[in-house]
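Novice: Below are the sequence and a predicted model; questions follow.
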Amino acid sequence: MEERREYLVDDQCYWPFPRTRLDARPDPVLLSEHLFARFETACRLIVAQEDIGSMLEKRVRSTDPAIVLMVIVDGLSYYDVPEDEDMEPCLVKGVSTTEHGYRAVTGNPSISRRLFALGYTDQIGFTYYSPENDDLSASVYDAFSPSQVVRVKAFDEAVAQLKTRRMSRGYVQVTLSGLDQIVHHHTDRPPREYYTQQILSRFERLIACLKGKRRRILACLTADHGILWRDVVEGHLEMTDDLFREDAYHPRYVKGALLRPYCRCVQSFGQSFALLKFPWMTRCLRNDEWGVHGGLSAWESLVPLIWLEA
C-alpha cells in the first residue's frame with residue numbers, strides 16, 4: 001500500500017484510525033515486487049513461521065484445549081488454497097525449502113517442548129520418514145521420545161492409530177505430504193486442485209478423529225514453503241547469465257551471499273543464501289518439472305496459516 005501517516009496493525013485497537021478492507025488477495029506479481037523491495041518491512045508486519053510456536057502457546061494458555069494438533073504440509077502456497085478458506089498469510093523469512101521451512105515452523109524451543117512445559121505430556125508424532133535415518137525428521141521430532149514417533153506409509157495409518165489411542169491433554173504433530181511431491185518429477189500436468197483439496201480434507205479428518213473423543217481441540221495447519229508454478233513463471237521468465245556453473249544448480253537461490261540486482265541475501269539457520277526475485281531463474285525447467293521453490297516471491301514466500309477450534 002502507499003505510505004500514509006498512520007498504520008493500524010492491531011485489529012483489537014479501538015483508536016479511530018482509517019481502515020482498508022481487501023476484497024481479494026493482493027495480485028501476486030505486484031506483491032512479489034514489494035516483498036523483494038521491502039523485505040525487512042514485510043518481516044516486521046507479517047506473521048512468520050518462527051512466530052507460530054509462540055502464537056500456539058498463547059492460544060493454548062487462553063483456551064486450554066484438551067488436545068493440540070499441528071499439521072505441517074510439504075509444499076503449499078497461500079495462493080494455492082481457495083480464497084474462501086479461513087486463513088492468514090505466513091511469511092517464510094529464509095530460503096523457501098523443505099529443510100529450512102520445517103525447522104522454522106517447529107521452532108526453537110520446539111512446539112513440543114513448549115506444550116510439554118504446559119502439561120501436554122501425552123504426545124505423538126506421525127511422519128513418513130524415520131528420525132533414525134533422516135536428519136530433517138530427527139530435527140523436527142527431536143523433542144519426542146522414540147516411542148512417541150510413528151512412521152507411516154499412508155495417511156490412513158495415522159488416522160487409524162489416533163482412533164484407538166486414548167489421549168488426555170495431548171499433542172499431535174503430523175508432517176503431511178503436500179504439493180511438493182508433484183513439483184520436481186511428474187509426467188503430464190499435475191492435478192494441483194485435487195491435491196490441495198486432499199490436504200484440506202485430511203486436516204478435517206484429523207480434527208474429526210480427535211473430536212470424536214469428546215475433547216476440545218485446537219488445530220493448526222501451515223506449510224514449510226510455497227511453490228512458484230511453471231505456468232506462472234514461464235510467461236515472465238528472466239534468466240541469469242552471470243553465474244558460475246556451480247551456482248546455477250538451484251533454479252531459485254544460490255548458496256552464499258551473492259550480490260546481484262536480482263538477489264536478496266538472507267540468513268537461515270546460520271547459513272547465507274541469495275534468493276532470486278520473481279521472475280528470475282538460474283536455469284530452465286525440465287519437462288517433468290512443474291514448479292520451483294527456494295526464491296523470494298508471493299507464491300514461494302507466503303504459506304497459509306489456518307487455525308481451528310473444535
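Specialist: Nice, I can see it. These numbers were taken from a predicted model, which means no experiment stands behind them.
Novice: Assign Phe36 to helix, strand or coil.
Specialist: helix (DSSP: H, G, I helix; E, B strand; the rest coil).
Novice: Settle this for me: it is touching Pro279, isn't it.
Specialist: No - between Phe36 and Pro279 there is no contact under CB atoms under 8 Å: 11.1 Å. C-beta coordinates here come from the backbone N, C-alpha and C atoms, glycine included.
Novice: low-scoring pLDDT stretches of the stretch 151-300 of the chain, where are they?
Specialist: For the stretch 151-300 of the chain, the stretches flagged by pLDDT under 70 are 213.
Novice: Would you map the strands across it?
Specialist: 170-177, 217-223, 228-229, 238-239, 253-255, 263-268, 271-276, 280-281, 291-292 (DSSP state E, counting those that start in this stretch).
Novice: With respect to Ser130, which of the ones you listed lies nearest?
Specialist: Taking CB to CB, strand 170-177 is the member of those nearest to Ser130, at 12.0 Å.
Novice: Tell me the strands beside the closest one, with direction?
Specialist: Using DSSP bridges, strand 170-177 pairs in its sheet with strand 67-74 (parallel), strand 122-127 (parallel).
Novice: Just want the most central residue of this structure.
Specialist: Against the mean C-alpha coordinate of the chain, by CA atoms, centre = their mean, the closest residue is Ala223 at 2.3 Å.
Novice: dump the residue contacts of it.
Specialist: Taking CB atoms under 8 Å, 6 or more residues apart in numbering, we find Ala223 in contact with Ile72, Val73, Asp74, Gly75, Leu76, Ser77, Gly101, Gly178, Val303, Pro304.
Novice: try Arg216
Specialist: Counting by CB under 8 Å, 6+ apart, Arg216 has contacts Thr63, Asp64, Pro65, Ala66, Ile67, Glu309, Ala310.
Novice: re the thing from before, between which two of the contacts of Ala223 is the distance greatest?
Specialist: Farthest pair in the contacts of Ala223, by CB to CB: Ile72 and Ser77, 14.4 Å.
Novice: In terms of neighbours, single out the busier of these two.
Specialist: Ser77 (29 against 25; other CB atoms under 10 Å).
Novice: I'd guessed the more buried one sits against Leu302; true?
Specialist: Yes - assessed by CB under 8 Å, Ser77 is found in contact with Leu302 at 6.6 Å.
Novice: hang on, Asp86 in a helix?
Specialist: No - secondary structure of Asp86 (three-state DSSP): coil, not part of a helix.
Novice: and it, how far is that from Val232?
Specialist: Distance check for Asp86 against Val232: by CB to CB, to the nearest Å, it reads 25 Å.
Novice: how about Lys211, what does it touch?
Specialist: Contacts of Lys211 by CB under 8 Å, 6+ apart are Ile217, Ala310.
Novice: one step back: top of the contacts of Ala223 by number of neighbours, please.
Specialist: Going by other CB under 10 Å, Val303 tops these with 32 neighbours.
Novice: Verify the stated contact: that residue with Ser77.
Specialist: Yes - in terms of CB under 8 Å, Val303 counts as a neighbour of Ser77; the distance is 6.4 Å.
Novice: So for these two, which residues contact both of them?
Specialist: Ala223, Gly226.
Novice: Is the spatially closest residue to Asp122 that is not a sequence neighbour bridged to anything, and to what?
Specialist: If the residues on either side of it in the chain are set aside, Asp122 comes closest to Gly170, at 3.8 Å by CB to CB, 6 or more residues apart in numbering. Using DSSP bridges, the bridge partners assigned to Gly170 are Ile67, Asp122.
Novice: Let me know how buried Gly170 is, in neighbour terms.
Specialist: If we define neighbours as other CB under 10 Å, then Gly170 has 22 of them.
Novice: Helices along the protein, start to end?
Specialist: 28-37, 39-45, 52-63, 98-106, 111-117, 135-140, 155-164, 192-211, 230-233, 298-301 (DSSP state H).
Novice: Output the contacting helices and strands for the third one.
Specialist: Yep, that's helix 52-63 we're talking about. Applying 3 or more CB pairs under 8 Å, 6 or more residues apart in numbering; DSSP states H and E, one finds that helix 52-63 contacts strand 67-74, helix 111-117, strand 217-223, strand 302-309.
Novice: Return the third one as CSV; C-alpha atoms alone will do.
Specialist: Right, strand 217-223. Below are the C-alpha coordinates for strand 217-223, written out as CSV (Å, rounded to 0.1, in the frame of the first residue of the first chain):
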residue,chain,number,x,y,z
ILE,A,217,-9.4,-29.4,20.1
LEU,A,218,-7.1,-26.6,19.0
ALA,A,219,-5.7,-27.3,15.5
CYS,A,220,-3.2,-25.5,13.3
LEU,A,221,-2.1,-26.1,9.7
THR,A,222,0.7,-24.5,7.8
ALA,A,223,3.4,-25.4,5.3
